[in-house]
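> Build me a model from this:
(chains A and B)
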Amino acid sequence: MNQEIEKQMQEKKQKVINALVSIGFSASEAEKQISELGGVITMSILKKVIEENPNQSLNDDNVQEFIQSRYTKDDIGKIVTEESAVVLMDYFKEVTKNLSEEEKQKFFDQLK
Amino acid sequence: MEMKFAEMPKPQEKIEGAQEQPVKAKESMEEKVKKLELEQQEQEKNPEKRGENFIQRKLSGLKEFFKKNSETIIISALGLAGMASFFAGAEVFIRAGQTVDLEMAKQMVSMFGSTGNAILTGISAMGIGSVAFFGPMIAEMTSKKKI
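Model (predicted):
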């Protein structure tokens, strides 16, 4: 199971790298930016949690437990999905901004 | 002490020198501005640079937020990587339609954590968004064509 998920993640990563390379990224830069986006998404999720719970004293050690006790699994999934979608949508809009409609279509086709 | 006329500084030389310098500096500034403008134009055309600039802007805004809320939360780089794994693990199980319990979530965290691979952690957090939203997002981006 774990290996299967890891394999899926690697395949997904490669798909995104290939799409970015097709619009002019170097493979190493694509990989670097994907990694950085992971950080941006995670920070955005935490920001959302903090905004929703302004009076909590949270840190590295207690934040996971706090989230698990305060949010249902579906709620966590919803926040994760929404926040990551916003970041990713903005990112892909930004990197494809100057491409022609045809190039954009080709780029997004690769991510399907 | 008396100074002979020949030793005295010539006013003309001073004035010439003073005039030349500002002109040179002005030209240099104009060149710099032009160079910067050209660089910005090049960056605008370059998707790779646009991506990097986007990430830096986002990170800067988020860091500012955490700085302002430093009494509330302190997130270290290590904690951040762990959190990405946590969210990714939780979401993977939700997507897979399986029962998510604490034990399974912990296993997922330990699985992602044990790789020690920042890139995998990054794509884990990124991948979860793509599962649900790549489809609608692509539809939105290409909706003009479909109509």
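> Break chain B into its domains for me.
B:18-69, B:77-147 (automatic domain parsing).
> Going by mean pLDDT, which of the ones you listed comes out lowest?
Lowest mean pLDDT of the domains of chain B: domain B:77-147, a mean of 44.
> by contact count, what packs against the lengthiest helix in chain A?
For chain A, the helix with the greatest residue count under DSSP state H is helix A:27-52. Packed against helix A:27-52 by the contact rule (3 or more Cβ pairs under 8 Å, 6 or more residues apart in numbering or on different chains; DSSP states H and E) you find helix A:2-22, helix A:63-70, helix A:73-95, helix B:47-68, helix B:77-95, helix B:118-141. (C-beta placed from N, C-alpha, C; glycine too.)
> and it, average pLDDT?
Taken as a whole, helix A:27-52 has an average pLDDT of 82.
> Report the angle between it and helix A:73-95.
Relative orientation of helix A:27-52 versus helix A:73-95 (axes from the mean of the first three to the mean of the last three Cα atoms, to 10 degrees): 130 degrees.
> Which positions within helix A:27-52 qualify as buried?
A:29-47, A:49-50 (16 or more other Cβ atoms under 10 Å in any protein chain shown).
> Check stretch A:96-108 too.
A:96, A:104, A:107-108.
> Distance from the chain centre to it, please.
In terms of Cα atoms, centre = their mean, to the nearest Å, the centre of stretch A:96-108 is set 20 Å apart from its chain centre.
> mind showing which ranges of chain A have poor pLDDT?
Scanning chain A with the threshold set as pLDDT under 70 gives A:1-10, A:59-61, A:73-74, A:77, A:81, A:85, A:112.
> Return the distance of the residue nearest the centre of it relative to chain B.
The residue lying closest to the centre of chain A (Cα atoms, centre = their mean) is A:Ser84, at 4.4 Å. Taking Cβ to the nearest Cβ, to the nearest Å as the measure, A:Ser84 falls 3 Å from chain B.
> Then A:Glu102?
The value you get for A:Glu102 to chain B, if Cβ to the nearest Cβ is used, is 9 Å.
> got it, and A:Met89?
Counting by Cβ to the nearest Cβ - A:Met89 and chain B are separated by 5 Å.
> count of neighbours near that residue?
Neighbour count for A:Met89, taken as other Cβ atoms under 10 Å in any protein chain shown: 17.
> Check B:Val33 too.
B:Val33 has 10 nearby residues by other Cβ under 10 Å.
> does it count as helix, strand or coil?
helix (DSSP: H, G, I helix; E, B strand; the rest coil).
> first to last residue in stretch A:54-65, what's the distance?
16 Å (Cα to Cα, to the nearest Å).
> do the same with stretch B:37-55
So stretch B:37-55: terminal residues 21 Å apart, Cα to Cα.
> show me what contacts A:Val21?
Residues in contact with A:Val21 (Cβ atoms under 8 Å, 6 or more residues apart in numbering or on different chains) are A:27, A:30.
> can you check B:Gln43 too?
Per Cβ under 8 Å, 6+ apart, neighbours of B:Gln43: B:49-50, B:53.
> same thing but at 10 Å, please
Contact analysis of B:Gln43 by Cβ atoms under 10 Å, 6 or more residues apart in numbering or on different chains lists B:49-50, B:52-53.
> Using neighbour counts, give me the buried entries of those.
Of these, these count as buried by 16+ other Cβ under 10 Å: B:49-50, B:52.
> Stretch A:13-30: end-to-end distance?
Using Cα to Cα, the two ends of stretch A:13-30 sit 10 Å apart.
> give me phi/psi at A:Ser26?
As for A:Ser26, its main-chain torsions (degrees, to the nearest 10) stand at phi -80, psi 150.
> Would you confirm that it contacts B:Lys49?
No. Using Cβ atoms under 10 Å, A:Ser26 is not in contact with B:Lys49; the gap is 11.6 Å.
> quick one on the thing from earlier: ok, of the buried residues of stretch A:96-108, which one's closest to chain B?
Relative to chain B, the closest of the buried residues of stretch A:96-108 is A:Phe108; by Cβ to the nearest Cβ it sits at 4.4 Å.
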